[in-house]
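Participant: coords please:
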Amino acid sequence: MLEAELRLDEAIDRLNTGHPPLREDEEPDVLVELAHALHALPADEWPDHTFPRRLADALADELSPPVAPHHTRGLRGRRRLRVGIGLAAAALAAGLALLVTLDRSPSVSAATLAHEAFAATSGANLGPVEYTQVITNRVPAGVFEPVPAPPRVVEHVDFAAPDRWRVQATITEPNGEGTATVLTVRNGDTVVTVRTSPAEGKTETRRSAGTGAGLPGASVYGTQVDPLALLAQTQGRCARTVSDVRDGPVVGGRATQTFEVGASPCPSADVPELAGSARFVIDRDTQLVLEATVHAASGRVVQEVSTRSLTTGAPPSDAFRLPQPLPASVPSSGTAFHELLPRNLPAGLSAGPITPVETQPSTGRTLAFTVTYRGADGRAALQLYESSASASSVRFPGRAVAIRPGLTGTYSDRGGMRILWWIQGDAYLSLQEGGSASGVPLVGTLPLGTLVELARSAS
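Facilitator: All right, here's what the predicted structure looks like:
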């Protein structure tokens, strides 16, 4: 068995470098040994799930008879075929059939593959890797968006481990407002984000990493459609249909799997870009999304995701050096937006202090802040997040909820986290319970009606 495994390793190396999989001195019956060696290997030791098919195709081409008598290419292979068939025709046929039908690719449901893609995109269960991802957003004709998404976001990701990663993003701002850059680095328990934009200059946020890897998602950069969020909408009354998983195209030399999620059976007239179908192409090795195409309810493409230059292996260790702190800010001069706070708190809920999470060094203005509300037992129940309406705050997809005449919010309830967010004047506000904020669990269980009342009382 050891000899067969060594031959298998050599065949893989030769095939990957463009050479015939078998040596000059080997007969075709070694194919049977290779096939049995493949069967004996554990699935997690496979270097390439496409190898059996590629090996079978290469052998079939190498051993095929000549097209014309004067054609000399493949003479060595044809001579080997004549000898091989004379010695072990039945073994050769069995080995070739075994390779063609052998498929160690995991047979998974779209829901399982979607879960794996979520985990990979967040950095969970992801090995060392480096890649570049491009997100292109399009506004469908006739659709008005008060806060349009950036037309283009380019991310370069260096990932070594859940506690060591770096994401450099270049964001083309909407309405011709220029280009912003966002550098986010995690090293150990600290995450530092440095944003440079034409409107706000350079700002910095330093926070505790909390649990999980927390790689930034598309919505962090102001993208209203996060394609991975659509993968979660496969349960409940408004569940989307999901196609079977199929073998996908080869993308950048990498084997893939593909599937589609159907249009929402409960489309929102307020957010039509979230109502259409989407197609996903997932890398077999890392489970990262290599391609995604998201459609609006009309069928028009509203977002495309393309991941390229994907290489596995540890990035340079100095890539995760935290940026130097920006110079100390001048005395605070208020917020960059009109501050709004809920006034009618339910019994037993008390508000903590306003905690700035992002400031502008040049002016000292607060660009974003939080307020944590605690229950009678002292535990954090609810958190308010507030920033400028033009900032790239996370906008979770969900269903439209009327707060009061002329003011509509969006409510998201998935994965144990409930968020109601809305735009009010020049401010973006969100109320979150469930999940965690800065590593602190939010244990509140207020009904949606109470969250709406809180939003209605914000002034």
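
Participant: Not counting stretch 260-270 itself, show me its contacts.
Facilitator: 110, 230-231, 233-234, 237-243, 274-280, 295, 297, 399-400, 408, 410 (Cβ atoms under 8 Å, 6 or more residues apart in numbering). The C-beta positions use only the backbone N, C-alpha and C, and glycine is treated the same way.

Participant: now, which of these lie within strands?
Facilitator: Secondary structure assignment by DSSP state E places 278, 279, 280, 295, 399, 400, 408, 410 of the contacts of stretch 260-270 in strands.

Participant: just the helices in the stretch 151-300 of the chain please.
Facilitator: Along the stretch 151-300 of the chain, counting by DSSP state H, counting those that start in this stretch, helices occupy 227-230.

Participant: who's in contact with stretch 315-330?
Facilitator: In contact with stretch 315-330 (Cβ under 8 Å, 6+ apart) are residues 128, 130, 158-160, 164-166, 183, 185-187, 190, 192, 194, 202-204, 206, 359-364.

Participant: Bridged to residue 359, which residues?
Facilitator: Beta bridges link residue 359 to residue 204, residue 366, judged by DSSP bridges.

Participant: correct me, but it touches residue 366?
Facilitator: Yes. Contact criterion Cβ atoms under 8 Å: residue 359 and residue 366 qualify, at 5.6 Å.

Participant: among the helices and strands of the chain, which has the poorest mean pLDDT?
Facilitator: helix 75-101 (a mean of 43; mean pLDDT, DSSP states H and E).

Participant: Report pLDDT for the spatially closest residue to residue 274 that is not a sequence neighbour.
Facilitator: Leaving aside its chain neighbours, residue 274 sits nearest to residue 397 (4.8 Å; criterion: Cβ to Cβ, 6 or more residues apart in numbering). Note for residue 397: predicted pLDDT of 77.

Participant: Residue 342 versus residue 397, what's the distance?
Facilitator: 23 Å (Cβ to Cβ, to the nearest Å).

Participant: Ok, residue 238 next?
Facilitator: Per Cβ to Cβ, residue 238 is found 28 Å from residue 342.

Participant: Those two - which one has more neighbours?
Facilitator: Neighbour count, other Cβ atoms under 10 Å: between residue 238 and residue 342, residue 342 has more, with 22 against 12.

Participant: Can you classify that one as helix, strand or coil?
Facilitator: Following DSSP: H, G, I helix; E, B strand; the rest coil, residue 342 is assigned to coil.

Participant: which non-adjacent residue is nearest it?
Facilitator: Nearest residue to residue 342 in three dimensions, chain neighbours excluded: residue 454, at 4.2 Å (Cβ to Cβ, 6+ apart).

Participant: can you check residue 376 too?
Facilitator: Closest to residue 376 by Cβ to Cβ, 6+ apart is residue 348, at 4.3 Å.
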